[in-house]
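Visitor: Starting from these lines, generate the structure:
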Amino acid sequence: MASRITTLMDRLQSTLSETEIASLKLALDEVTLETPAASWLSVAYKLRDQLGFESCVDVCGLDYSAYRDGEWSGRRFAAVYHLISIAHNVRLRVRVFCPDDNAPEVLSVNEVWPGVNWFEREAYDLYGIVFTGHPDLRRILTDYGFAGYPFRKDFPTSGLVEMRYDEAEGRVVYQPVTIDPREIVPRVIREEQYGDC
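Guide: Next comes the predicted model:
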């Protein structure tokens, strides 16, 4: 296993230019490549065509605003791609930070790995990361009228609106959230009562 990982890291460094590698790390027998957003599409083609990563098995969004208890000082949003090379029996994680925290945007790699279509839509729906060049970027998990991005750290835990079926109108209606906040106090077990039947 160690030789495959060492070989992968050597091949990444020899195939990609210094400007295409922001960082290359090994932790827990997994390689993480961080690449600048501007280079992502060309790096994706090199990973597929020259290094044999024929499949992207997952794409997820990340919001680093509360990472390490708010001590994070880098970019807020990132898209993380999990690639696999079946021919070389090795995996690679690629992280691409969005250059603008207010309007997170990354180039879509749907033309490189067509299977990322729904993964990129999910990251857009939950984090608001726009994948430029995506052929059909629209919500996939939340309702089309949904306001906000529920996996962002600043999204309210109770949400903004709720939907319910109204019998009188015979349709689904939206209304402001009506959940009353409450404190949940755990039951305390007293030593003197412990073990009594």
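
Visitor: Could you look up the SS state of the residue most central in space within the chain?
Guide: In the chain, the residue lying closest to the centroid (C-alpha atoms, centre = their mean) is Gly61, at 1.7 Å. Taking DSSP: H, G, I helix; E, B strand; the rest coil as the rule, one finds Gly61 in the strand state.

Visitor: can you check Glu122 too?
Guide: Classified using three-state DSSP, Glu122 is helix.

Visitor: That one against Leu141, yeah?
Guide: Yes. Glu122 is within contact range of Leu141, at 6.3 Å (criterion: C-beta atoms under 8 Å). Any C-beta I mention is one placed from the backbone N, CA and C, and that applies to glycine too.

Visitor: Looking at these two, which is more packed in?
Guide: More neighbours surround Glu122 than the other of Glu122 and Leu141, with 20 against 12 (other C-beta atoms under 10 Å).

Visitor: Contact partners for that one?
Guide: 59-61, 140-141 (C-beta atoms under 8 Å, 6 or more residues apart in numbering).

Visitor: Make JSON lines out of these and add distance to Thr7.
Guide: Below are the contacts of Glu122 laid out as JSON lines (distance: C-beta to C-beta, whole Å):
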{"residue": "Val59", "distance to Thr7": "25"}
{"residue": "Cys60", "distance to Thr7": "26"}
{"residue": "Gly61", "distance to Thr7": "30"}
{"residue": "Ile140", "distance to Thr7": "37"}
{"residue": "Leu141", "distance to Thr7": "38"}
